[in-house]
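> model the structure of this input:
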Amino acid sequence: MSSARTTCPECSGSGPNVVDLADLLYSPRFDYFRCRACGCWWMVPKDADEPATRIVLGNPLAVKQAS
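Sure thing, here's the model as predicted:
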């Protein structure tokens, strides 16, 4: 089984597609990652290889108004 730190939970991308965001985002409890292939963001508890929890950015329920 692959680690949540090296494999995207959305598209299963791995290797150079997985970006460790430790230099950009700090948390005492979680490490953050982003997938270059599909744009998914996720977090993993410090000192653990799983579980991966997806992060939703923005407002997924927002609807564009027609002009």
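
> now for the lowest-mean-pLDDT helix or strand in the chain, which elements pack on it?
In the chain, no helix or strand scores lower on mean pLDDT, DSSP states H and E than strand 53-55, which sits at a mean of 92. On a contact count with 3 or more C-beta pairs under 8 Å, 6 or more residues apart in numbering; DSSP states H and E, strand 53-55 meets strand 41-45. For the C-beta atoms, the positions are set from N, CA and C on the backbone; glycine is no exception.

> show residues contacting the strand it packs on.
Contact with strand 41-45 is made by 4-5, 8-9, 27, 29-35, 50-55, 57, as judged by C-beta atoms under 8 Å, 6 or more residues apart in numbering.

> who does that strand pair up with?
Strand pairing for strand 41-45, using DSSP bridges, gives strand 30-35 (antiparallel), strand 53-55 (antiparallel).

> flag the shaky bits of the protein, pLDDT-wise.
Residue ranges of the chain with pLDDT under 70: 1, 57-67.

> for it, what spans make up the helices?
Here the chain has no helices by DSSP state H.

> buried ones from the contacts of strand 41-45, can you make that a ChimeraX selection?
Those of those that count as buried under 16 or more other C-beta atoms under 10 Å are selected in ChimeraX with:
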select :4,8,9,30,31,32,33,34,35,52
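
> what's the spacing between Lys46 and Cys35?
According to C-beta to C-beta, to the nearest Å, Lys46 stands 20 Å off from Cys35.

> quick one on the thing from earlier: which residues make contact with the least confident helix or strand of the chain from outside it?
In contact with strand 53-55 (C-beta under 8 Å, 6+ apart) are residues 9-10, 32, 40-44.
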